[in-house]
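# just to be clear, the model below is a prediction. Sequence and coordinates:
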Amino acid sequence: MKDRYYAGFMTDKPTWSEGLAAFRKQALVLIADIIALIYLWFMVSYTWNYFAHHTRSFATLPWWVMLIVVVEAAALWQNYGVSIGMKLVGQRLVDSAGRRISPDKRALRFLLWHLTPLAIISLAITTEWKPWHDRVTELTMVGSDRVELAPRPWYRCSWSIAVVLICLSTLIAAMLITRVDLHALFSQASKTRRIWGQVVRPDWSLLGKGVRLLLVTVFMAFVATLFGVVVAAPLSFLAARNLTQGLVGRTVYTIVRVTMSIVRSIEPIIWAIIFVVWVRLGAFPGVLALFVHSVADLTKLYSERLESIDPGPVEAIRATGANRFQVILYGVVPQIINPYLSFTLYRWDINVRMATIIGIVGGGGIGQSLIQYTRVWDWSAATVMMLLIMVVVWLMDYTSSRLRARLG
Amino acid sequence: MAKRPRKSRSAKPDTFLQRVAALKPRLYAFLLDWGSWGYIAYCFMYLLNRYWYVRHVNFYGTLAVPAWAWPIVVVGTLELAVLSHAFGHSVGLSLFGLKLFGPDYRASSWQVRLRRYLWWHLALPLQALSLRKAHPKGLLVHDVRSESRMLVVADIQEELPVVKPRKWYLTHRGLMTVALIGLTFWLGWMTTQINLGTLFGRASKSAYLWKALVTPDFEHFVTPDPQLRDSIMGGILESIYMALLATLLGGVIAFPLSFLGARNIMGFSRAGWLVFSLTRGFFNIFRSIESILWAVVFAVWVGFGPFAGVLALTLHTIAALGKLYSEQVESIDPGPLEAIAATGARRWQVVLYGVIPQIVPSYLAFTLYRWDINVRMSTVIALVGGGGIGRILFYYKNEVGRLSNAWNQVGAVIVVIVAVVWFLDYISGRIREKIT
Amino acid sequence: MTKHLIVEHLTKIYERGEVLALDDVSFSVEKGEFLVLIGLSGSGKSTLLRCINRLIEPTAGRVVFDGIDVTAASSRELRRLRRRIAMIFQQFNLVKRSSVLTNVLSGRLGYVNPGASAIHKFPKQDVEMATVNLERVGIPEQAYKRADELSGGQQQRVGIARALMQKPDLLMADEPVSALDPATSHSVMQYLEQMNREDGVTVLASLHFLSLARRYGSRILALKDGKIVFEGLPAEIDEGKFKEIYGEEAEEVEVR
């Protein structure tokens, strides 16, 4: 019950009336089942289309046929066994008097299930969930924690079989979608013979140029990380649920979180393309791209850490009469300095890796040279660059993990 | 040799190897300090180049330095490193937890430290010749001559009095850290050609870009573009499945490899150590190169297309997951293993019943994390010939001159990428929460 | 004579009516009293203490401290009031990674210049007062250690030193000794007693063990399910009252 003491930090959970809650659960179960079955349908369709018709398409029968079949199948599944949705949400079908459920009762429930829309209307009027298929057959769906679950091996449960089918079909479809061609893999190895021939004779004369490019790459990562920290650290306070209260606070929190999520979903390489249009080629767009992505990633990591601080010391400092700023400085900050440093080092490591490849889109640094050499098939030069990249990334990784271990 | 009263606890004289081992932290600290002074010297030389010696630097990072400057730099940085070590204040020393103490663990006076400094020049060459003789482990000639010791603080923590620590920014290591960061920042600003003028000056000229990006054109969302013979939907599905397959394969292959890369499973025989080192080395090498660079090679091998992307991602995933997995194996609780071994189970049974249940949740969490990263990578791996949605993105970006709504199409692709990556990120985060 | 602290009809409801933490609690405290709150876990003792200095906002009711209405105070007035009310906690609530000295000095945060405290610059007399207070609780040599390196009893003493820095009129202790062993409990309670007798600080402590309450309290207030079920002298609690407070199966445990 210790949550109760931090009324300033925690919000109250909304209470639903019982009827609405029960309906929500059933709806969730149905939705989960429908999604699973539709997905299975798509995977099987694609595979069928590929092998039988030699086309690549996810659709076989018209969409309304699929919908009807899937909904019916879901309802049937729920009544005759434990469906995926029931397993995920945690529901089981029980008899109100504890008797064994006979198959004809299940059939009756399945047929009556189609009258659900009437039950929904009555729910809206009376906020009570008593659908006909439950009332007549005296069966209800209850939470799985209230039912004695006999352990069954995986091949006897319908939901686990369904999961296995979904996984298998996904695997097969994935191999088709990504055009896995094992034949090419094993027979065309000779194409790469030229490459290996040059790889074992690296062009060491380019070492000086490579080191200079490497320096630029590391500097790119460093500057991007530094600016990223400077912007992300204060921003993280705005994105932490426990520090932003009130209407204004909530709005700011939502805006910051959403923006950062969007920015974070776009890889730095894509950002680099955008920035190349803005500031022209060179290392600068690479720095900007890394900076923007770092701010988003660091804000997320920082704010997640802020949300899990120990509220005790914060409470104690509030109790001494300190103002909000002092509370943060003396209660929150000492707790988060080490984790923040640790995340910064982690991000620096990633930025160095990213910086090595951001050159591909014209972002400067060693990546640019590397790609240019591969485009002209000068693999000896490319090998030298690759070796340098390997060395520096490994060094950064080692240093950052040792430092992070020291930070605890 | 005159006998000295020793503080060593064992009755046996310290072996050569033991003495070397005890000196290792000091050696590493010294190399680190020499390196950091060298780096500071490089920064200074670069700045001198830039602002005074050679105004026009036509290649970033280059130094134009007369030949006579190099020996001065080398010797100078060496002296500075020795000076910091002699006086007991340096970045390397604090990183390795070493501190200078006089007799009875008290701080030494500056005269003592000066004597250390001077003796070092005589001592070290002599020491190198005679490391096999005389001094107990951890001591060098200049230690003995100036009656001060360089000790690892963690070993003697309890015997030290608690004193008021100096403010971090007033210590040597604090100042050096600030200097290193500041210099790197300055140099970084210059070498990466940051030009805020360009940024703000061209802002209005590139406004059309932003406007187009936020008004996406979903023309080819599901209907394939005839030039590409693919639609955005097809592309993103390709990417998702590329990442899925790569993560699955990578995880399956990395699983057994991780046991080969775990110290506590392999470390019992010479052959075991060899396999361990090879596996760890393999992981490190292939982790350092991002998947996109491997895709270059695979695109040649199996041709352009998503298969090359899958192979590249798989290779990187095996190495990355292998490292994470083996670290997890190394950190398991040995208690249950002991218990199971005590029942008389065979080695593989101990692994199956003792090791595996402990590591499954973390393995799943790491695999999900990796899947997330692979999805992000798969969005851009088309740049070098892998498949996926990147192909569509870069195609439209290249059509900017010809198509009027090219940037809008790019915007559409970006919107889809953001939606998918965000969604998968959210789901994998929730599942990971549930697992751990 | 005005009472030091008056609590009128204090009520606290959580989760939209589902949890009634405090139910119409009313009592008053004289200056210099050592009032002990007893009751089962979850009976509302912690909530009551936190409502008095508004770390938790009460749903209804009034708290009047030294003639000033706490519940109606603005945030500035509230901070002024909070610096006169010190609080120590069951889990000590020290900033673990900061030094003991910084933790003690943070008791003066309500008094010092906000700008100066931003760079950790406390006035010299505050630093001296911190050293004196650390000596008073018997741990002057721990001043520069990290707070989490100390034992439980030592950490609670740091908490007391922090409270002393505020030069409080009222000290509230939320189960200060529940996390400590019996011998250390007594030593901590004796510091509170010393503050009560020598500095004239009114003490409002919630305790788990009735024997401690009897030994140190001048008056006892018992809570059950958010309501006051007993208010009076320690000696007045007999077997019957005890079972009423703690429930039918409870038995008294001595803390020697």
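Looks like it arrived, so ask away.
# low-scoring pLDDT stretches of the chain, where are they?
Since you didn't name a chain, this refers to chain A. Across chain A, residues meeting the criterion (pLDDT under 70) sit at A:1-16, A:127.
# my question was about chain C, not that one.
C:1-2, C:16, C:254-256.
# taking it, what residue is nearest to chain A?
Chain A sits closest to C:Gly110 of chain C, with a gap of 2.8 Å, by CB to the nearest CB. No exception for glycine: its C-beta is placed from N, CA and C like everyone else's.
# so that residue makes contact with A:Gly321?
Yes. Using CB atoms under 8 Å, C:Gly110 is in contact with A:Gly321, at 2.8 Å.
# what touches both of the two?
Listed as contacting both C:Gly110 and A:Gly321 by CB atoms under 8 Å, 6 or more residues apart in numbering or on different chains are C:Arg79, C:Arg80, C:Arg82, C:Arg83, C:Gln166.
# from what I can see A:Lys130 touches A:Ser122, true?
Yes. Counting by CB under 8 Å, A:Lys130 touches A:Ser122, with 7.4 Å between them.
# circling back to that earlier point, doesn't the residue of chain C closest to chain A belong to a strand?
No. Under the criterion used here (DSSP: H, G, I helix; E, B strand; the rest coil), C:Gly110 is coil, not part of a strand.
# so where do the strands sit in the chain?
I went with chain A, as the question did not name one. Remark: strands assigned in chain A by DSSP state E are A:91-95, A:139-143.
# hm, I was asking about chain C
Taking DSSP E as the criterion, chain C carries its strands at C:5-14, C:19-29, C:34-38, C:60-65, C:68-69, C:85-88, C:170-174, C:202-206, C:219-224, C:227-232.
# so which of these is the most surrounded?
Comparing the strands of chain C by mean neighbour count (mean count of other CB atoms under 10 Å in any protein chain shown), strand C:85-88 ranks first with a mean of 27.
# off-centre distance for that one?
Here strand C:85-88 is found 5 Å from its chain centre; the criterion is CA atoms, centre = their mean, to the nearest Å.
# how about it, does it get close to chain A?
Yes. Judged by CB under 8 Å from any CB of the partner chain, strand C:85-88 comes into contact with chain A through C:Ile85, C:Ala86, C:Met87.
# looking at chain C, which residue is nearest chain B?
Proximity of chain C to chain B (CB to the nearest CB) peaks at C:Tyr144, 5.1 Å away.
# so who does that residue touch?
When contacts are counted by CB under 8 Å, 6+ apart, C:Tyr144 touches B:Val162, B:Val163, B:Lys164, B:Pro165, C:Ser99, C:Val100, C:Leu101.
# who wins for most neighbours among those?
Compared across the contacts of C:Tyr144, C:Val100 has the highest neighbour count, 28 neighbours, by other CB atoms under 10 Å in any protein chain shown.
# verify the stated contact: it with C:Thr131.
No. Using CB under 8 Å, C:Val100 makes no contact with C:Thr131, being 10.8 Å away.
# pull up the overlap in contacts between these two.
Residues touching both C:Val100 and C:Thr131 by CB under 8 Å, 6+ apart: C:Ala143.
# now stretch A:195-215, how far from the centre of its chain.
Between the centre of stretch A:195-215 and the centre of its chain there are 38 Å (CA atoms, centre = their mean).
# ok, is it in contact with chain B or not?
Yes. Applying CB under 8 Å from any CB, one finds stretch A:195-215 touching chain B at A:Ile195, A:Arg212, A:Leu213, A:Leu215.
# how far away is the residue lying closest to the first one once chain neighbours are set aside from A:Gln198?
Right, A:Ile195. Distance criterion CB to CB, 6 or more residues apart in numbering or on different chains; nearest residue to A:Ile195, sequence neighbours excluded, is A:Trp379 at 5.1 Å. A:Trp379 sits at a distance of 4 Å from A:Gln198 (criterion: CB to CB, to the nearest Å).
# neighbour count for the two, which is higher?
A:Trp379 (25 against 17).
# isn't that one right up against A:Tyr373?
Yes. With contact defined as CB under 8 Å, A:Trp379 reaches A:Tyr373; the gap is 7.4 Å.
# quick one: the strands in the stretch 101-250 of chain B, in order.
Using DSSP state E, counting those that start in this stretch, the strands of the stretch 101-250 of chain B run over B:149-152.
# where in it is pLDDT low?
The model of the stretch 101-250 of chain B has pLDDT under 70 over residues B:127-138, B:141.
# what does it put close to chain C?
So the stretch 101-250 of chain B meets chain C at B:Val162, B:Val163, B:Lys164, B:Pro165 (CB under 8 Å from any CB).
# residue contacts, the third one?
The contact partners of B:Lys164, by CB under 8 Å, 6+ apart, come to C:Ala143, C:Tyr144.
# domains of the chain?
I went with chain A, as the question did not name one. Domain ranges of chain A: A:18-172, A:206-407, per automatic domain parsing.
# my question was about chain C, not that one.
Split by automatic domain parsing, chain C gives C:1-84+C:171-256, C:91-167.
# mind checking if the first one is in reach of chain A?
Yes. When contact is scored as CB under 8 Å from any CB, part of domain C:1-84+C:171-256 falls within range of chain A: C:14-16, C:18-19, C:21, C:42, C:46-47, C:50, C:53, C:55-57, C:79-84.
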